[in-house]
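Enquirer: Generate a structure from the sequence data that follows.
(chains A and B)
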Number of protein chains: 2
Amino acid sequence: MEPYQLTATEALAKFKDGTLTIEGYARSLLARIEKRDAAVQAWAYLDPEYVIRQAKQLDAVPLEERGPLHGVAVAVKDIIYTKDMPTQHNSPIYEGDEPKVDAAAIITLRHAGALLLGKTTTTEFASTTAGPKTRNPHDPGRTPGGSSSGSAAAVGDSQAPIGLGTQTGGSTIRPGSFNGVYAFKPTWNSISREGLKIYSLILDTIGFFARSVEDLQLLSDVFSLEDDAPATSDDFSVQGAKFALIKTVVWPQAGPGTIVALEAGAKLLRDQGAEVDEIELPPEFDNLPEWHRIVLHSDGRPTFLPEYRVAKDKLSPFLADHVENGHKITRAAQLEAFDGIAALRPKIDEIAGRYDAILTPSVVDEAPVGTESTGSPVFNSMWTALHTPVVNIPGFKGKNGLPVGLSLVAPRYHDRRLLVVSKAVGAIFEARR
Amino acid sequence: MEPYQLTATEALAKFKDGTLTIEGYARSLLARIEKRDAAVQAWAYLDPEYVIRQAKQLDAVPLEERGPLHGVAVAVKDIIYTKDMPTQHNSPIYEGDEPKVDAAAIITLRHAGALLLGKTTTTEFASTTAGPKTRNPHDPGRTPGGSSSGSAAAVGDSQAPIGLGTQTGGSTIRPGSFNGVYAFKPTWNSISREGLKIYSLILDTIGFFARSVEDLQLLSDVFSLEDDAPATSDDFSVQGAKFALIKTVVWPQAGPGTIVALEAGAKLLRDQGAEVDEIELPPEFDNLPEWHRIVLHSDGRPTFLPEYRVAKDKLSPFLADHVENGHKITRAAQLEAFDGIAALRPKIDEIAGRYDAILTPSVVDEAPVGTESTGSPVFNSMWTALHTPVVNIPGFKGKNGLPVGLSLVAPRYHDRRLLVVSKAVGAIFEARR
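Expert: The predicted model follows:
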């Protein structure tokens, strides 16, 4: 196995036992990137020399002074500020812009010893579905999803073990599914969003891509994610576990890949001795897709006002329309949506709390053809609005052989427990690949 | 009248009719600052030469190309990023830090032609009540309040016509009251908070100080604050208007200055033909002070994690305690508070919607002696949590002759209407000074 193929946890073990230097690891990743970049195009900014300089500095730190991510390479979505690299938001307004400030998450990652590889592509301000240059590593004729396109593709293509993303609609879980990797959207505001370009304050959530649940657990340690009750792997077995299968109100949009995956996933869990109950959410949850849309558009109104004022001609018409309130969303409608979603949060916690996890689709289907559109977030946006943690579990494939994942969902601030469940479920789903 | 004494609206009129240059205006403000700075100490950063350079550039712009704030001087709280000045958050961790990025509000203000004077003092990260160096311009032995200490003192002392603040507890309305100026906390998220250091996402709100309501209306135009129904001054007369007088559950903490002011304010309105009904909020609103505290502490947990990791010894123990969850706030308690507040927002809108405005205290009393503590936000935090717009109306005085204001509150997104009401009420309250 080449170093670039290692998960973060595996690489850390090799740094510790001296069988791999961080420089050697970085060179392996850079070689992988060089080989694959023309096909995948995951990077908005990458300076190989700077990567090697960082790696050498990290190699020079004695073992006993190293943090929990020392030497682990991280791909950073290009709406997250990094003081040593440009942050361009895939917007001509910010072309070449290099604010000298680190996002909160970047400060924490650097302090833990992470090696920041570079910035990854995004849709414009992580706010549209118009794809960037990036291609799905499983099929260059298809989108990797979005808006965290580059981070998901880089992790899916073993160009980085860890990717940082964000999700306002379905920008972490959807590309996670399309690229066949684990994707984790923690509980809203459980990790500081300082230094992430805003789309909607109440929706935007930082997220992670990785090729193992252990790596997500490692990140959760670094970011001090804590449930009320500590969760360990010993606490959970699929045998005897209880899952809710929720197709949601948007199920009629599911394509064959998701229909087959959801059925197969439920069967695999049942075969392992779990109870999988298909349930329907109460009818008030049917408002979520529309309420999410209203909150998104009305929150975009103040968000993009500065760019609209300064350079309206360089702003996508979709976002200019938010500022102009082209959909004529009244304040009354905006508040009804905002308050309506808020009232559903304790209700979903109560429902999800009856199960070890909710099993629900991650995507409409495998990644669509073309890079013009990053696909539909319709199966994700309700969970984003509800603030619940979500993990995309890879393991299935669509008609064309591209990855299809399924989502596991837990009540808010049950992130650690959800990862324990995800690890066990992931092992089962991935075993069939 | 010296130029430094002008409101923004008055200064704009003089720029337009050619009786004042922006450079002349800037020099007048700088002379005022030079004269008063030893006593008030409102500034964390101010470069007079840079101010004059900006003023000369602004003077060179033809009248027809000028924005709505062209030449208006603005004092900026030092937790708001400005790419041409340091942003230091009154934290030793960020001493001399100069991120090359403008907050969203700064982009909008610059585009409108504002002249950024400098950065004003704040408590540490706008998150503690430990006072900065700044003194109350009405009595140098007293606090100007906080955390927007410098912006409020600068406007109160005519060192700037407009000040930018933020409010998470009572950081705009309280210093507004202490310094005898108008202070406006708009509806939460009606103006982008991008580029403001985060304390609590769901509480932090950008706010403004000014010496007239016209100036607040001017700012509201610049930031495109819009109610569902357009509001104009012709729409409102105190004669025949209806106010709710709400003392709130924390009324036992009110001191003589506020007790007298509230009584006098209600009488003045009644004398002008308004109906002023004292009402009590339903008992569930009594939870707000405690719920606000829980949200604040638990939101501080992820917020200050990066600073805690990097430089715990340079972080105030109060904020380190947030990260360590020293108060042992469970996730369940955190969510109960978060959801409990959310459920009250539509209720306060409904109650406030029955009146032209709610009249309620801004502060416990006039500014306390000393600069160690910036005073109590207890009368403000509930409205911050409820997301309602609030205006501090100056006009009263406490036992020691220092300013005491009163708050007017409206339903969410009735900001423009609230300003119309505030203008009429302010004229009455200020007439008795």
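Enquirer: quick one, what contacts the nearest residue to A:Ser148 once chain neighbours are set aside?
Expert: Using CB to CB, 6 or more residues apart in numbering or on different chains and skipping the chain neighbours, the partner closest in space to A:Ser148 is A:Gly165 (3.0 Å). From N, CA and C alone the C-beta is placed, and that goes for glycine too. Residues near A:Gly165 by CB atoms under 8 Å, 6 or more residues apart in numbering or on different chains: A:77, A:147-148, A:151-152, A:171-172, A:175, A:183, A:206-209.
Enquirer: got those residues as JSON lines, with distance to A:Gly265, secondary structure and neighbour count columns?
Expert: Compiled in JSON lines, the contacts of A:Gly165 are given as follows (distance: CB to CB, whole Å; DSSP: H, G, I helix; E, B strand; the rest coil; neighbours: other CB atoms under 10 Å in any protein chain shown):
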{"residue": "A:Lys77", "distance to A:Gly265": "28", "secondary structure": "strand", "neighbour count": "31"}
{"residue": "A:Ser147", "distance to A:Gly265": "26", "secondary structure": "coil", "neighbour count": "35"}
{"residue": "A:Ser148", "distance to A:Gly265": "23", "secondary structure": "coil", "neighbour count": "38"}
{"residue": "A:Ser151", "distance to A:Gly265": "25", "secondary structure": "helix", "neighbour count": "40"}
{"residue": "A:Ala152", "distance to A:Gly265": "20", "secondary structure": "helix", "neighbour count": "38"}
{"residue": "A:Ser171", "distance to A:Gly265": "23", "secondary structure": "coil", "neighbour count": "36"}
{"residue": "A:Thr172", "distance to A:Gly265": "19", "secondary structure": "coil", "neighbour count": "34"}
{"residue": "A:Pro175", "distance to A:Gly265": "19", "secondary structure": "helix", "neighbour count": "37"}
{"residue": "A:Ala183", "distance to A:Gly265": "16", "secondary structure": "strand", "neighbour count": "36"}
{"residue": "A:Ile206", "distance to A:Gly265": "26", "secondary structure": "strand", "neighbour count": "28"}
{"residue": "A:Gly207", "distance to A:Gly265": "21", "secondary structure": "strand", "neighbour count": "29"}
{"residue": "A:Phe208", "distance to A:Gly265": "22", "secondary structure": "strand", "neighbour count": "29"}
{"residue": "A:Phe209", "distance to A:Gly265": "20", "secondary structure": "strand", "neighbour count": "31"}
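Enquirer: Name the SS class of the residue nearest to A:Leu109 when sequence neighbours are not counted, please.
Expert: Of all residues beyond its chain neighbours, the one nearest A:Leu109 is A:Val74 (6.0 Å), with distances taken as CB to CB, 6+ apart. Secondary structure, DSSP: H, G, I helix; E, B strand; the rest coil: A:Val74 is strand.
Enquirer: Isn't A:Val74 up against A:Gln159?
Expert: No: A:Val74 is beyond contact range of A:Gln159, at 11.5 Å (criterion: CB atoms under 8 Å).
Enquirer: Spell out which residues are contacts of both of the two.
Expert: A:Leu117.
Enquirer: When those two are compared, which one has more neighbours?
Expert: When neighbours are counted by other CB atoms under 10 Å in any protein chain shown, A:Gln159 comes out ahead of the other of A:Val74 and A:Gln159, with 30 against 27.
Enquirer: The more buried one looks like it's in a strand, true?
Expert: No: using three-state DSSP, the assignment for A:Gln159 is coil, not a strand.
Enquirer: which ones are touching it?
Expert: A:Tyr4, A:Leu29, A:Arg32, A:Ile33, A:Arg36, A:Asp37, A:Val40, A:Ala42, A:Ala75, A:Leu117, A:Ala153.
Enquirer: if I read this right, the first one contacts A:Lys35, doesn't it?
Expert: Yep, that's A:Tyr4 we're talking about. No: counting by CB under 8 Å, A:Tyr4 sits too far from A:Lys35 to count as a contact (9.6 Å).
Enquirer: coming back round to it: possible to save the contacts of A:Gly165 as TSV with pLDDT?
Expert: TSV is the format used below for the contacts of A:Gly165 (pLDDT from 0 to 100):
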residue	pLDDT
A:Lys77	98
A:Ser147	97
A:Ser148	98
A:Ser151	98
A:Ala152	98
A:Ser171	98
A:Thr172	98
A:Pro175	98
A:Ala183	99
A:Ile206	98
A:Gly207	98
A:Phe208	98
A:Phe209	98
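Enquirer: Tell me the one of the residues you listed nearest chain B?
Expert: Comparing the contacts of A:Gly165 against chain B with CB to the nearest CB picks out A:Ile206 as the nearest, at 9.9 Å.
Enquirer: what's the longest helix in chain A?
Expert: The longest helix of chain A (DSSP state H) is helix A:331-352.
Enquirer: Need the mean per-residue confidence for it.
Expert: Averaging pLDDT along helix A:331-352 yields 98.
Enquirer: From A:Ala11, how far out is the one residue sitting closest to the centre of chain A?
Expert: Note on chain A: the residue nearest the mean C-alpha position is A:Thr172, at 2.6 Å, using CA atoms, centre = their mean. A:Thr172 sits 22 Å away from A:Ala11, going by CB to CB, to the nearest Å.
Enquirer: likewise A:Pro144?
Expert: A:Pro144 sits 23 Å away from A:Ala11, taking CB to CB as the criterion.
Enquirer: who has more neighbours, these two?
Expert: Neighbour totals were compared for A:Pro144 and A:Ala11, and A:Pro144 leads with 34 against 26 (other CB under 10 Å).
Enquirer: Which residue, other than its chain neighbours, is closest to that one?
Expert: Using CB to CB, 6+ apart, the closest residue to A:Pro144 is A:Ala153 (4.0 Å).
Enquirer: Look at that neighbour and give its secondary structure.
Expert: Recorded secondary structure, A:Ala153: helix (three-state DSSP).
Enquirer: Just give me the neighbour total for it.
Expert: The burial count for A:Ala153: 35, using other CB under 10 Å.
Enquirer: so who does it touch?
Expert: Shown in contact with A:Ala153 (CB under 8 Å, 6+ apart): A:Val40, A:Ala42, A:Thr120, A:Thr121, A:Thr134, A:Arg135, A:Asn136, A:Pro137, A:Pro144, A:Gln159, A:Pro175, A:Asn179.
Enquirer: Can you check what pLDDT the model gives the first one?
Expert: At A:Val40, the predicted lDDT confidence score is 98.
Enquirer: Surely it touches A:Pro140?
Expert: Yes: counting by CB under 8 Å, A:Pro140 is a contact partner of A:Val40 at 7.4 Å.
Enquirer: So which of the two has more stuff around it?
Expert: Applying other CB under 10 Å to A:Val40 and A:Pro140 shows that A:Val40 carries more neighbours, namely 24 against 14.
Enquirer: Give me the neighbour count for the closest residue in space to A:Leu6 that isn't next to it in sequence.
Expert: Nearest residue to A:Leu6, sequence neighbours excluded (CB to CB, 6+ apart): A:Pro161, at 6.5 Å. Number of residues near A:Pro161 (other CB under 10 Å) recorded here: 29.
Enquirer: CA atoms of the helix or strand harbouring A:Val295 as CSV?
Expert: Using DSSP states H and E, A:Val295 falls within helix A:288-303. Only the C-alpha atoms of helix A:288-303 are listed here, as CSV (Å, rounded to 0.1, in the frame of the first residue of the first chain):
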residue,chain,number,x,y,z
LEU,A,288,-39.3,21.2,5.7
PRO,A,289,-38.2,21.3,2.0
GLU,A,290,-40.2,24.5,1.4
TRP,A,291,-39.2,26.1,4.7
HIS,A,292,-35.5,25.3,4.0
ARG,A,293,-35.8,27.0,0.7
ILE,A,294,-37.4,30.1,2.2
VAL,A,295,-34.8,30.4,5.0
LEU,A,296,-32.0,29.9,2.4
HIS,A,297,-33.3,32.6,0.1
SER,A,298,-34.2,35.1,2.8
ASP,A,299,-30.9,34.6,4.6
GLY,A,300,-29.1,35.1,1.4
ARG,A,301,-30.6,38.6,1.2
PRO,A,302,-28.3,40.2,3.8
THR,A,303,-25.5,37.7,3.2
